[in-house]
Structure formats: C-alpha cells, structure tokens
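>>> The amino acid sequence is not available; the structure is as follows:
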C-alpha cells in the first residue's frame, strides 16, 4: 500500500470491456489515482490483486464467473488489504447490505458519469490520507478518524482552491433555497462563477452534505440539481 500523499493505485473490474475502459478513463482524470490494471472476471480480479497490489478495487458485481461480493472475502482470506468500492447496477437491499457487511468503502449505481464518481474518489482519498496520517494517542484521535466517514462540515479538509468563506456562502444558499438549485442558479444567487459554484456543489455532494437529482429536458444531458441534505 502507498503512503499518504502518494499515488493511489486502482484495479477496475467489469465484465464489459468498453465500460471498463470508460471507468478507467474516469479514474485517471482524478489525482492522485491511477489505474494499474483491469479485470473482467472474478478470478481475474483475484489474480490481479495478488500481482498488482492495488490500494482500491472498483468492483462490478455481475461478473461471468463469480458474484462480485463473493470476491471480497476471498481477497481478505488471501491477506490482501485493498479497499473495495462497488460499482454496479444492483440496487436490491440485500445486496447493498451484503456489501456494507463486507466493508466496502462506497457503493455507486450504474449508469453514472464522471461527476458522480469524482467526488467519491476524492472523499475516499481524504479519508485514506487521514487514516494513514493519524497518530492515535487516545479516544479523541480515534473519533476524529471515524468522523471522516461521515458528513463533513465546511472548511474541514477543503480541497485545494476552495475557501471556507465561499463554502459557507454556498451552504447558506442551499439551506435557504426552496427546492433544488442548479449550478447556474447557485452562481447567480452567490455572485460567483458557474464553474466555481459547480466545484463547491460537487464538493458538498462528495462529502454527503448535499444531494443531487437529475432534471431531464427535451434534449441534451440532464441538468444536475442540488439540495442540502437534512438529517432526521
């Protein structure tokens, strides 16, 4: 496994060659991730993990030889400590619960685009870096590490180029909005550029603070709309 701040090596597992290629392209666009291998069956995945020692496996579940969740315990029993992010069309409750029980770091439903995967990878990189860098001296340090898997607050581990002040502004705008906002609408309300608004909105989506819905128009790509996630 690489150290904090180093490249995060990824193995992409998908039975569809074209889909695996697209997912690999997505991963390679996000620093510090790099794809070190691709597998198209469960057995290929197990062999590839042994040979390549990836930090993270993007695992499809509907593989031709094995169900994806059955790959995970075999990796663990072989002594591999790589993390697993499930990427699948499977949305049955039992499957999702099974993935959680097997310790997956995330679960992303197909189909998705780069904007859906990118914040999840960034969130994983942040959590992983925090885990590797933390020196545990007591309960407070343990709580700090575990908190990294929950909803982040503005200003906590903000990515480079994002400011606390603007993050606070975007949060207030989302909280005060009646319904959902597009990046353009958020930009108009806050006085920042649409590109900047989109970065902050995607950051909040990646941390779990904001949720995204898609609005389909007559033609073209669906519009991504954001709302602040309220807790019970």
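The structure has been received and is ready for your questions. These figures come from a predicted structure and were not determined experimentally.
>>> helix or strand right after the helix or strand bottoming out on mean pLDDT in the chain?
Lowest by mean pLDDT, DSSP states H and E among the helices and strands of the chain is helix 139-147, with a mean of 65. Using DSSP states H and E, the helix or strand that follows helix 139-147 in sequence is helix 164-176.
>>> Run the chain-centre distance for that next one.
Helix 164-176 sits 22 Å away from the centroid of its parent chain (Cα atoms, centre = their mean, to the nearest Å).
>>> And the helix or strand residue 51 falls within, what does it pack against?
Residue 51 belongs to helix 42-52 when assigned by DSSP H and E. In terms of contacts (3 or more Cβ pairs under 8 Å, 6 or more residues apart in numbering; DSSP states H and E), helix 42-52 is packed against strand 8-13, strand 33-39, strand 56-59, helix 68-77. Backbone N, C-alpha and C define where each C-beta goes, glycine included.
>>> nearest to residue 102, of the ones you listed?
Closest approach to residue 102 among the helices and strands packed on helix 42-52 is made by helix 68-77 (4.5 Å; Cβ to Cβ).
>>> now the angle from that closest one to helix 42-52?
Relative orientation of helix 68-77 and helix 42-52, computed by axes from the mean of the first three to the mean of the last three Cα atoms, to 10 degrees: 30 degrees.
>>> Which residues in helix 68-77 does the neighbour count mark as buried?
The neighbour-count check on helix 68-77 (16 or more other Cβ atoms under 10 Å) flags 68-69, 71-72, 75 as buried.
>>> Rounded mean pLDDT for whichever helix or strand comes after that helix, please.
Where DSSP H and E defines the elements, the next helix or strand beyond helix 68-77 is strand 83-88. For strand 83-88, mean pLDDT rounds to 95.
>>> related to what we said a few turns ago, can you put the buried residues of helix 68-77 in a markdown table and add pLDDT?
What follows is the buried residues of helix 68-77, written out as a markdown table (pLDDT from 0 to 100):
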| residue | pLDDT |
| --- | --- |
| 68 | 94 |
| 69 | 95 |
| 71 | 96 |
| 72 | 95 |
| 75 | 94 |
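>>> out of these, who's nearest residue 225?
The shortest gap between residue 225 and any of the buried residues of helix 68-77 belongs to residue 68, at 31.0 Å (Cβ to Cβ).
>>> quick one on the thing from earlier: need the helices and strands packed on helix 42-52 in CSV (columns: distance to residue 213).
What follows is the helices and strands packed on helix 42-52, written out as CSV (distance: least, Cβ to Cβ, whole Å):
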stretch, distance to residue 213
strand 8-13, 27
strand 33-39, 27
strand 56-59, 24
helix 68-77, 27
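>>> Which one of these has the poorest average confidence?
helix 68-77 (a mean of 94).
>>> Check which helices and strands it sits against.
Checking 3+ Cβ pairs under 8 Å, 6+ apart, helix 68-77 ends up next to helix 42-52, strand 56-59, strand 83-88, helix 93-101.
>>> just so I know, which of the helices and strands packed on helix 42-52 lies nearest residue 87?
It's strand 56-59; of these, that one is closest to residue 87 (Cβ to Cβ) at 5.1 Å.
>>> Would you mark the buried spots in that closest one?
The neighbour-count check on strand 56-59 (16+ other Cβ under 10 Å) flags 56-59 as buried.
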